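Undergrad: Okay, here's the prediction I keep looking at, along with the sequence it came from:
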Amino acid sequence: MPPFHLAFPVKNIEDTRRFFVNILGCTVGREAEKWIDFNFFGHQISAHVKPEECEIAKTNEVDGDNVPVRHFGAVLEWSEWEALRDKIAASEIEFLISPRIRFEGEAGEQGIFFLRDPSGNGMEFKTFRNMEDLFATD
């Protein structure tokens, strides 16, 4: 699968670097005074310093949770998802939506959790019991 590219606003570089490197385990790519690239689970994301664009996204109700409409994240292998979940739980970062298993025992069984980066960007991390169910409709 080809890697995607995503650019998003942040309040400052250093808090962003600490979060993406120390918490999420990303590596840093190119950077300049006003932007920084990360290897985000094999994809390229670019954080651009633009504090006035860092609004908290409005939410939409999904399965009883208030999900930020504007969010991004990664689909991880089950064990990677559990390791990241545990690392975040052990940190001072609060889950926006606590880790849970959805559709347990059904096609599309998945683990999810949401959080915000230091600039307030919504992030979702999920996993599937069977990765072939990623785009399953039933």
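TA: Thanks, I have the structure now. Not measured: the values here are computed from a predicted model.
Undergrad: check contacts around the nearest residue to T27 once chain neighbours are set aside.
TA: Closest residue to T27 apart from its sequence neighbours, by C-beta to C-beta, 6 or more residues apart in numbering: N39 at 4.6 Å. Where you see a C-beta, it was placed from the backbone N, CA and C, and this is true even at glycine. Each residue near N39 by C-beta atoms under 8 Å, 6 or more residues apart in numbering is listed here: C26, T27, V28, G29.
Undergrad: Got a PyMOL select line for the buried ones in those?
TA: Those of these that count as buried under 16 or more other C-beta atoms under 10 Å are selected in PyMOL with:
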select buried, resi 26
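Undergrad: Name the nearest of the contacts of N39 relative to G108.
TA: The shortest gap between G108 and any of those belongs to C26, at 27.4 Å (C-beta to C-beta).
Undergrad: now the closest one: how far from D15?
TA: For C26, the distance to D15 (C-beta to C-beta, to the nearest Å) stands at 14 Å.
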